[in-house]
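> With the input below, show me the fold.
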Amino acid sequence: MNRVEMDFLNESRNCTFREDTSQIDVAGTKFGPFKKGVTEHLPNWVIENLLKHELVDIETKDHYEASKRLRNLKDEAKKNPYKLQQFPPLLYTAITRKSLRLQSDKTSIDPRTYEDIENLRKMTYFLVETRLSKILRVANSNAYQETRKLMTQEERWLCEELVELISGWRQNIMD
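This is a model prediction of the structure:
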């Protein structure tokens, strides 16, 4: 498991319980009991376990890997092909975890699960390709410090590597 994935799993966000839930034991840690409709601030590793059992919904403002939010990011990227808009720092990891969750549920007869997985893949591909060209421009223009807060953690790492690589290459050519 990489560092960014660990950051995501340990990040907390709000979830609302769908039903009364007695105390639960997740990986040796006890949580609850919880009442239906109550919103709790829990780590993502706990929320993922609760989502598997359909016990919670992620609060809309904290659900940055939701299809609607991803469509909005895609639409914004299309409108501004040269501008780097702000992405949540752990977006790609959240998408990956959502994809894994959906794929583990592939045994369900519901064809919407397959559609959700395919839509998520297409959306992710578009976002990654669009962001990559923008990150390359940022790295080439030395604008990293001004734009780093707009990037995900993975994008920051990539941009830092590219800045170093491009600077080294320029220096080699100019010397």
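> list the contacts for residue 11?
43, 44, 90 (CB atoms under 8 Å, 6 or more residues apart in numbering). C-beta: built from backbone N, CA, C; applies to glycine.
> Let's see that with 6 Å instead.
Listed by CB atoms under 6 Å, 6 or more residues apart in numbering, the contact set of residue 11 reads residue 44.
> now it: how far from residue 129?
26 Å (CB to CB, to the nearest Å).
> Starting from the lowest-mean-pLDDT helix or strand in the chain, tell me which strands it pairs with and how they run.
Lowest by mean pLDDT, DSSP states H and E among the helices and strands of the chain is strand 24-26, with a mean of 85. Paired neighbours of strand 24-26 in the sheet (DSSP bridges): strand 29-31 (antiparallel).
> and the gap between residue 46 and residue 76?
31 Å.
> of these two, who's got more company?
Taking neighbours as other CB atoms under 10 Å, residue 46 and residue 76 compare with residue 46 leading, 20 against 13.
> Once you drop chain neighbours, what's closest to the more buried one?
residue 26 (5.2 Å; CB to CB, 6 or more residues apart in numbering).
> what does residue 35 give?
Once flanking residues are discounted, residue 35 sits nearest to residue 20: 5.6 Å by CB to CB, 6+ apart.
> thinking that neighbour is in contact with residue 36, fair?
Yes: Residue 20 is in contact with residue 36 according to CB atoms under 6 Å; the separation is 5.1 Å.
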